[in-house]
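Asker: The following block contains a protein sequence and its predicted model.
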Amino acid sequence: MTDPQVHEVAVLGAGTMGAGIAQVCAAAGLRVAIRDVAPEVLDKAIDSIGKSLEKLESKGKIGEGARAAALAAIRTTTDLAEAVGRADLVIEAVPERLDLKIATFRDLDRLAPAHAVLASNTSSLPVTEIAGAVARPGRVVGLHFFNPVPVMELIEIVRAMQTDDETVAAARAIAARLGKRSILVKDVPGFATSRLGVALAAEAIRMVESGVASPEDIDTAMKLGYRHPMGPLELTDLVGCDVRLAILDHLHREVGDQFRAPPLLRQMVRAGKLGRKTGEGFYKY
Ligand code: CAA
């Protein structure tokens with residue numbers, strides 16, 4: 001399958017990432033089905049897509065009528081078979097649990113058309129193991145998007161051991177169609193982006209723990225000293241402390257001790273201080 005044949009996309013999971021992915025697909029002229037188990041999560045996703053499109057419209061980044069056209073291209077459903085039955089591309093963005101992803105791909109294998117590319121937006125889990133759950137592993141690939149999806153220019157394409165050349169080519173074409181730059185990485189724990197991202201974040205959190213400087217000053221160091229758009233602690237609050245802890249725990253098991261999670265991060269997650277989404281992380285919102 002090459003990109004011109006992608007007309008319909010199914011996005012599984014309507015959280016922050018699923019909503020953003022659905023939005024950029026619809027804005028690129030594709031028909032999109034978003035599926036989530038919870039109807040209220042679907043409503044929230046449509047609301048956030050509308051707001052994001054409004055922002056882009058008010059800044060002149062999309063033309064008049066583009067917002068309505070993108071919203072009209074999106075349908076929501078709680079029915080997996082309905083969502084994926086006509087899809088040329090499925091992008092899974094369910095919570096970062098390997099068991100859940102594997103179960104989802106098993107279902108997809110039964111329900112999605114034989115030609116469909118089956119992509120996972122996982123930020124660190126093994127795409128090779130996910131591909132092992134289906135009878136067409138060559139069609140499985142990682143398409144790793146970044147938050148906020150409508151703004152961030154990168155898609156990290158993760159090639160599982162089984163991914164075939166045609167699927168990699170399709171992934172590259174899809175990224176271009178969505179207006180993103182792509183990089184291709186092997187399926188190693190944390191890929192390129194998460195591995196580097198959590199390494200910096202974990203060191204910053206250890207510095208907070210040992211009182212080197214305040215979160216504000218550590219973030220300012222990286223923003224002004226290194227021109228990062230956000231400091232590592234602000235970014236941890238944006239991504240979610242729970243998400244970053246899960247990635248660190250996975251890398252600790254797979255790669256080794258340099259990825260041991262700082263105790264402060266684990267305590268914050270236990271206390272429900274997950275970042276922006278709960279109103280408090282390293283900062284209060
Ligand atoms: N939809 C549409 N537009 C949006 C938006 C959204 N959801 N969020 C921000 N924008 C736009 C703003 O309107 C603004 O547009 P202009 O430049 O035209 O004014 C622009 O993006 C910048 O936004 P702000 O002025 O509000 O704030 P900012 O300049 O601080 O930028 C930011 C915000 C884009 C988030 C920037 O701080 C940034 O790039 N931060 C780093 C984000 C990052 O590293 N993300 C990756 C996280 S890791 C990940 O996602 C992967 C994973 O697996 C966990």
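Answerer: Alright, I've got the coordinates.
Asker: host element of the residue in the chain that the ligand sits nearest to?
Answerer: Residue nearest to the ligand within the chain: S123 (2.9 Å; C-beta to the nearest ligand atom). C-beta: built from backbone N, CA, C; applies to glycine. Take DSSP states H and E as the rule and S123 turns out to sit in neither a helix nor a strand.
Asker: give the contact list for the closest residue to it other than its chain neighbours.
Answerer: The shortest distance from S123 to any non-neighbouring residue, by C-beta to C-beta, 6 or more residues apart in numbering, is to S194 (4.8 Å). For S194, the contacting residues are 123-124, 144, 247, 251, by C-beta atoms under 8 Å, 6 or more residues apart in numbering.
Asker: do the same with M207
Answerer: Contact analysis of M207 by C-beta under 8 Å, 6+ apart lists 213, 218.
Asker: Can you tell me the SS state at it?
Answerer: M207 carries the three-state label helix when classified by DSSP: H, G, I helix; E, B strand; the rest coil.
Asker: ok, the residue of the chain closest to the ligand - how many residues close by?
Answerer: S123: 26 surrounding residues under other C-beta atoms under 10 Å.
Asker: So it sits against L248, correct?
Answerer: No. With contact defined as C-beta atoms under 8 Å, S123 does not reach L248; the gap is 11.5 Å.
Asker: rewinding a little: I'd like the contacts of S194 as JSON lines, with pLDDT appended.
Answerer: Putting those into JSON lines (pLDDT from 0 to 100) gives the following:
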{"residue": "S123", "pLDDT": "93"}
{"residue": "S124", "pLDDT": "90"}
{"residue": "H144", "pLDDT": "98"}
{"residue": "I247", "pLDDT": "93"}
{"residue": "L251", "pLDDT": "95"}
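Asker: farthest pair in the residues you listed?
Answerer: Using C-beta to C-beta, the two most remote members of those are H144 and L251, lying 14.9 Å apart.
Asker: just to revisit the earlier point, element containing the residue nearest to S123?
Answerer: Taking DSSP H and E as the definition, one finds S194 inside helix 193-209.
Asker: Now list the buried members of the contacts of S194.
Answerer: Buried subset of the contacts of S194 (neighbour count, 16 or more other C-beta atoms under 10 Å): 123-124, 144, 247, 251.
Asker: quick one: pLDDT of the residue nearest to S123?
Answerer: Note on S194: pLDDT of 95.
Asker: and the gap between it and R67?
Answerer: Using C-beta to C-beta, to the nearest Å, S194 is found at 32 Å from R67.
Asker: Helix or strand next in line after the helix holding S194, which one?
Answerer: Using DSSP H and E, the next helix or strand after helix 193-209 towards the C-terminus is helix 215-226.
Asker: Any part of the helix or strand just after that next one near the ligand?
Answerer: Of the helices and strands lying after helix 215-226 in sequence (DSSP H and E), the nearest is helix 232-239. Yes. Contact between helix 232-239 and the ligand is present through 235, 239 (criterion: C-beta under 6 Å from any ligand atom).
Asker: For helix 232-239, the averaged confidence score.
Answerer: Mean pLDDT, helix 232-239: 96.
Asker: So which other helices or strands are in contact with that helix?
Answerer: helix 193-209, helix 215-226 (3 or more C-beta pairs under 8 Å, 6 or more residues apart in numbering; DSSP states H and E).
Asker: For that helix, give me every contacting residue.
Answerer: The contact list for helix 232-239 (C-beta under 8 Å, 6+ apart) reads 147, 197, 200-201, 203-205, 208, 215, 218-219, 222, 230, 244, 265, 275-276, 281-283, 285.
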